[in-house]
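Asker: structural data only, the sequence is not supplied:
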């Protein structure tokens with residue numbers, strides 16, 4: 001598995017974080033820590049582009065829930081883009097696909 005790398009860029013709707021590597025029990029704390037430094041304005045959307053994520057365990061799912069809660073507290077929202085099929089399956093099993101919108105790619109997630 002590859003170490004976690006988070007690249008940040010801005011889009012018209014808000015920040016886009018590209019998540020690359022494994023999002024697991026050893027790396028999920030890094031994502032949660034970076035979320036504490038993120039300031040969102042009401043109405044913005046944080047997009048997590050997961051195209052480069054090669055593994056996600058339950059700690060990674062918990063980090064995604066943390067991101068969702070962070071955006072709600074800021075009166076913003078969260079979108080997941082390019083979610084790998086195995087992660088989509090888990091999100092559907094636990095019902096998170098009903099709470100966090102999933103998009104095929106970042107372009108679709110950042111359309112206003």
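Answerer: Now that the structure is in, tell me what you want to look at. What you are looking at is a predicted structure, and each value in this text was computed from that prediction instead of being measured.
Asker: C-alpha from now on. contacts and neighbour counts both.
Answerer: OK.
Asker: buried set for the helix ranked longest in the chain?
Answerer: When the chain is scanned for its longest helix (criterion: DSSP state H), the result is helix 58-73. Of the residues in helix 58-73, 59-68, 70-71 count as buried by neighbour count, 16 or more other C-alpha atoms under 10 Å.
Asker: now for it, which elements pack on it?
Answerer: Helices and strands in packing contact with helix 58-73 are listed as helix 28-36, strand 77-81; criterion 3 or more C-alpha pairs under 8 Å, 6 or more residues apart in numbering; DSSP states H and E.
Asker: now do the last one and helix 58-73, the angle between them.
Answerer: With axes from the mean of the first three to the mean of the last three C-alpha atoms, to 10 degrees applied, the angle from strand 77-81 to helix 58-73 works out at 140 degrees.
Asker: quick one: mean pLDDT over the following helix or strand past strand 77-81.
Answerer: Of the helices and strands lying after strand 77-81 in sequence (DSSP states H and E), the nearest is helix 85-94. Per-residue confidence for helix 85-94 averages out to 96 on the pLDDT scale.
Asker: mind listing what's buried in helix 85-94?
Answerer: Residues of helix 85-94 classed as buried under the neighbour-count rule (16+ other C-alpha under 10 Å) are 87, 90-91.
Asker: out of the residues you listed, who's nearest residue 49?
Answerer: Residue 49 has its nearest neighbour among the buried residues of helix 85-94 in residue 87, at 12.7 Å by C-alpha to C-alpha.
Asker: much appreciated, bye for now.
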